[in-house]
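In: Fold the stuff below for me.
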Amino acid sequence: MPPSQEANAERNEARRSDTAAALDEILAASRHGYAPLVLVAGDPSPIASDALRDLGKRRSTPVVNLSEALAAALVEGKPRERVRAVPEAVEAIAAGAARGWALLDHIELLFEPSLKRDAVAVLEQVSRRVPLVVAWPGEWDGRELRYARVHHPEHMPPRRPGGITVVRIGPDHRIAAGAEAAT
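Out: This is a model prediction of the structure:
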């Protein structure tokens, strides 16, 4: 690797480490809430997954692919049973992975229309028992969460995240200025 690329790689690694440390501080402050739930929104969204992986390394905590684990938990049930089982299955998955906080990535299955669930409400419910840090696969504009376009079957109308901490990570892998909203 040429020296300039090596220097860029080292700077990016340092930024990502700084971001993981900053997220750790946010978790410490958020831990005292009724339902500790932190959504990490990336700009673009894959950066949220990177931030969770970095945080997982820092805390020696696994990052769970929720869609994969949830699909495995629900595969045996009938459609009606699956709908009822979603919150309990998510809680069991999160509790099994938690080391203080459960780190959840790839939550897209929660938006599956056949499950008839409000993904954010499920995460809020689970966070009452298991503190959660979740890579948000949609958008966060500083006021509202969004997921999928209007005519997409998984579309979630814009939502103001009352009681949820949302952290936006920019393309430079740093927490965006004013991105934290503990509302």
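In: what is the rounded mean pLDDT of stretch 123-136?
Out: Across stretch 123-136, the average pLDDT comes to 93.
In: Buried residues, that stretch. List them.
Out: L123, E124, Q125, V126, S127, V130, P131, L132, V133, V134, A135, W136 (16 or more other C-beta atoms under 10 Å). Using the backbone N, CA and C atoms, a C-beta is placed for each residue, glycine as well.
In: which residues does V122 contact?
Out: Going by C-beta atoms under 8 Å, 6 or more residues apart in numbering, V122 touches V86, P87, V90, L110.
In: Grab the CA positions of stretch 168-175 and hand them over as CSV.
Out: Extracted in CSV, the C-alpha atoms of stretch 168-175 (Å, rounded to 0.1, in the frame of the first residue of the first chain):
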residue,chain,number,x,y,z
ARG,A,168,-26.0,9.9,13.3
ILE,A,169,-22.6,8.8,12.0
GLY,A,170,-21.4,10.8,9.0
PRO,A,171,-19.5,9.5,6.0
ASP,A,172,-16.2,10.3,7.7
HIS,A,173,-17.2,7.8,10.4
ARG,A,174,-17.6,10.6,13.0
ILE,A,175,-20.6,11.4,15.1
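In: now the contacts of V122 as JSON lines including secondary structure, neighbour count and pLDDT?
Out: Shown next, in JSON lines, are the contacts of V122 (DSSP: H, G, I helix; E, B strand; the rest coil; neighbours: other C-beta atoms under 10 Å; pLDDT from 0 to 100):
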{"residue": "V86", "secondary structure": "helix", "neighbour count": "22", "pLDDT": "94"}
{"residue": "P87", "secondary structure": "helix", "neighbour count": "14", "pLDDT": "95"}
{"residue": "V90", "secondary structure": "helix", "neighbour count": "28", "pLDDT": "97"}
{"residue": "L110", "secondary structure": "helix", "neighbour count": "25", "pLDDT": "94"}
